[in-house]
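Visitor: return a 3D structure for these sequence lines:
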Amino acid sequence: MERTVTVEPEAGLHARPASKLVQTANRFDADVSIGRADDGDDGLVRADSMLSVSGLNVEHGESVRVVAEGPDAEAALDAVCDLLASPVEGESEAGGSGGDAGDAP
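Guide: Got it, this is the predicted structure:
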């Protein structure tokens, strides 16, 4: 199964959004991969690896392809795509729980 989604977090797939994606992918009994929509199968990396996900250097507004296989593939796709299609809490005008550690430019 696969889907294409536009990355909404302002930070793209770096730092907190990448960490949340990896944590989400690891919750399911499925092999989840992610890559730029235009890069084909050769551009896919394992979504359970923080180094691989952040190494994609995907920015806000880019389209990514999410592929999942296994018993929980549909649920994993739903969760990962929902995460990618939503701004990360504390990043935009909601300044409550974001904290001020790591103010990136």
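
Visitor: so what's the most centrally placed residue in the chain up against?
Guide: Nearest residue to the geometric centre of the chain (C-alpha atoms, centre = their mean): residue 21, 4.3 Å. Neighbour list for residue 21: 13, 34, 47, 53, 80, 83, 84 [criterion: C-beta atoms under 8 Å, 6 or more residues apart in numbering]. Bear in mind the C-beta positions are built from the backbone N, C-alpha and C, glycine included.

Visitor: mind putting those into a markdown table with secondary structure and distance to residue 61?
Guide: Shown next, in a markdown table, are those (DSSP: H, G, I helix; E, B strand; the rest coil; distance: C-beta to C-beta, whole Å):
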| residue | secondary structure | distance to residue 61 |
| --- | --- | --- |
| 13 | coil | 12 |
| 34 | strand | 16 |
| 47 | coil | 20 |
| 53 | helix | 17 |
| 80 | helix | 18 |
| 83 | helix | 16 |
| 84 | helix | 11 |
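
Visitor: sec struct for the residue nearest to the centre of the chain, please.
Guide: Secondary structure assignment for residue 21 (DSSP: H, G, I helix; E, B strand; the rest coil): helix.

Visitor: cool, and residue 86?
Guide: coil.

Visitor: just to revisit the earlier point, export the contacts of residue 21 to JSON lines and tack on distance to residue 28?
Guide: Output for the contacts of residue 21, formatted as JSON lines (distance: C-beta to C-beta, whole Å):
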{"residue": "13", "distance to residue 28": "18"}
{"residue": "34", "distance to residue 28": "14"}
{"residue": "47", "distance to residue 28": "10"}
{"residue": "53", "distance to residue 28": "15"}
{"residue": "80", "distance to residue 28": "9"}
{"residue": "83", "distance to residue 28": "12"}
{"residue": "84", "distance to residue 28": "15"}
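
Visitor: least confident of the residues you listed?
Guide: Across the contacts of residue 21, the bottom pLDDT score, 91, is held by residue 13.

Visitor: strands of this protein, residue ranges please.
Guide: All strands of the chain, identified by DSSP state E, fall at 2-6, 31-36, 45-46, 63-69.

Visitor: mind putting the ones you listed in CSV, distance to residue 57 and mean neighbour count included?
Guide: Shown next, in CSV, are the strands of the chain (distance: least, C-beta to C-beta, whole Å; neighbours: other C-beta atoms under 10 Å):
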stretch, distance to residue 57, mean neighbour count
strand 2-6, 16, 14
strand 31-36, 9, 21
strand 45-46, 11, 15
strand 63-69, 12, 20
